[in-house]
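K.L.:
Structure, please.
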Amino acid sequence: MKKSDVLDLIKYHYEGRETEFRNQSIAIARNFNKHGDTQLAQYIMGLMSQSDRFMPQIENPSEYLTPAKLDIGPLPLPLSLMNDLKGIINAVNHHIGINKFLFVGSPGTGKTESVKQVARLIGKELLVVDFSHLVDSKLGQTVKNLATLFNEINNLPFKQNYIILFDEIDSIVLDRVNQNDLREMGRVTSAFLKELDRLSPEIVLIATTNLFENLDKAVTRRFDAIIDFDRYTDEDKVEVATIILNELLKQFKNVARDLKLFKKIIYSSNTIPNPGDLRNMIRTSLAFSDPQDPHDYQKRLLRSLHSGKNLSISKLSELGFTVREIEILTGVSKSSVSRELSEG
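P.N.:
Residues are numbered from 1 along each chain as shown. Just a heads-up that it's a prediction; the model follows:
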């Protein structure tokens, strides 16, 4: 980034040239991202996404589209997934009609949050399709609603400023061959395919699903890229959990910050949960913790990871916890822990 870029930014701000200011801000954010300062790029784009000043709003809010709030905090993801998101951003910025993406994976793997991340990084507003209004029990009405939705999408002002999110798209396009109600499901899926084919190339559309195997194959072929989020190793999950903990600990005082013990607690689970579930467990453990006991959240997290059970001293030892760590997690003195282990 050149000094002139910053000077131009200040100039555009004081002259009230909002379009130039926005474009210059995006260019600076992309420059930071290109040179490895992803968090600063995310912060800049997050600020822009939250401000009405920089983003033209829909004059007549749609019945089917809901603007989503974009958080400005970092999204911890494995490097392989971060590289895929950067690839999507590059594809969109090349403006060559690569504009439809499908995120697949188990619940809690960060699909929806990653869509928000992409929106932040490229400075677009995120509009989420509201299936509660789109899907109608009346025969044929869903197909009509779908046509109306895509008409609204294709006629958005400033199309280049939006990302459309079909979150859990399996709600409307499950495999036509394997469904009981073949006629209605087939009509809806066929209508979606037709509308997807006439989508404006200026619109970025991202869909997510937990049920990739159940999607109609004709639908999956329409997407330019499919990103698999089921690629977390146990090490990835532990590192993500550590980032989540460090963020949450900023809100709490007088709690232990023993990251080594925290990681051992996560690793002690037979099957380490996905990041979304880990976030909920860590947040709840901290929220419910006794402010007089700095280690209480660690004890609660351990129980949460083991179906609410209190693990015995011998079990904790088998899992690799030291005598000192067992004392912290059980409240039993080190001498008593050592005695029990030697007798056992």
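K.L.:
domains in this structure, as residue ranges please.
P.N.:
1-36, 52-228, 234-343 (automatic domain parsing).
K.L.:
which stretches of the stretch 151-300 of the chain form helices?
P.N.:
182-197, 217-220, 234-249, 259-267, 275-287, 296-305 (DSSP state H, counting those that start in this stretch).
K.L.:
next one: the stretch 1-150 of the chain
P.N.:
3-14, 18-34, 38-50, 79-94, 111-122, 131-134, 141-154.
K.L.:
and of those, who's closest to residue 281?
P.N.:
helix 111-122 (16.7 Å; Cβ to Cβ). C-beta here means a position set from N, CA and C on the backbone, and glycine is covered the same way.
K.L.:
could the domains of the chain be laid out in CSV, adding mean pLDDT and mean neighbour count?
P.N.:
What follows is the domains of the chain, written out as CSV (pLDDT from 0 to 100; neighbours: other Cβ atoms under 10 Å):
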stretch, mean pLDDT, mean neighbour count
domain 1-36, 74, 14
domain 52-228, 85, 17
domain 234-343, 95, 16
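K.L.:
Ok, which of these comes nearest residue 44?
P.N.:
The nearest among the domains of the chain, by Cβ to Cβ, is domain 1-36 at 4.1 Å.
K.L.:
out of the helices of the stretch 151-300 of the chain, nearest to residue 121?
P.N.:
helix 234-249 (17.9 Å).
K.L.:
returning to that earlier point: got the domains of the chain as CSV, with distance to residue 44 columns?
P.N.:
Shown next, in CSV, are the domains of the chain (distance: least, Cβ to Cβ, whole Å):
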stretch, distance to residue 44
domain 1-36, 4
domain 52-228, 9
domain 234-343, 19
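K.L.:
Can you tell me which of the helices of the stretch 151-300 of the chain is nearest to residue 98?
P.N.:
helix 182-197 (14.0 Å).
K.L.:
Tabulate the helices of the stretch 151-300 of the chain in TSV, adding columns for distance to residue 95.
P.N.:
Below are the helices of the stretch 151-300 of the chain laid out as TSV (distance: least, Cβ to Cβ, whole Å):
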stretch	distance to residue 95
helix 182-197	19
helix 217-220	24
helix 234-249	33
helix 259-267	42
helix 275-287	32
helix 296-305	46
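K.L.:
Kindly state which of those is positioned closest to residue 336.
P.N.:
Taking the helices of the stretch 151-300 of the chain one by one with Cβ to Cβ, helix 296-305 is closest: 16.9 Å.
K.L.:
just checking, what packs against the helix or strand just after the closest one?
P.N.:
Downstream of helix 296-305, the next assigned helix or strand under DSSP states H and E is helix 313-318. Counting contacts by 3 or more Cβ pairs under 8 Å, 6 or more residues apart in numbering; DSSP states H and E, helix 313-318 is packed against helix 323-330, helix 334-343.
K.L.:
Ok, which of these comes nearest residue 225?
P.N.:
helix 323-330 (44.3 Å).
K.L.:
Let me see the residues that make contact with the closest one.
P.N.:
256, 258, 261, 264, 295, 298-299, 302, 310-311, 313, 316-317, 321, 332-334, 337-338, 341 (Cβ atoms under 8 Å, 6 or more residues apart in numbering).
K.L.:
10 Å - rerun?
P.N.:
Contact with helix 323-330 is made by 256, 258, 260-261, 264-265, 268, 293-295, 298-299, 301-303, 310-317, 319, 321-322, 332-338, 340-341, as judged by Cβ atoms under 10 Å, 6 or more residues apart in numbering.
K.L.:
how close does the residue lying closest to residue 294 once chain neighbours are set aside sit to residue 281?
P.N.:
Of all residues not flanking residue 294 in the chain, residue 256 sits nearest, at 4.4 Å (Cβ to Cβ, 6 or more residues apart in numbering). As judged by Cβ to Cβ, to the nearest Å, residue 256 and residue 281 stand 17 Å apart.
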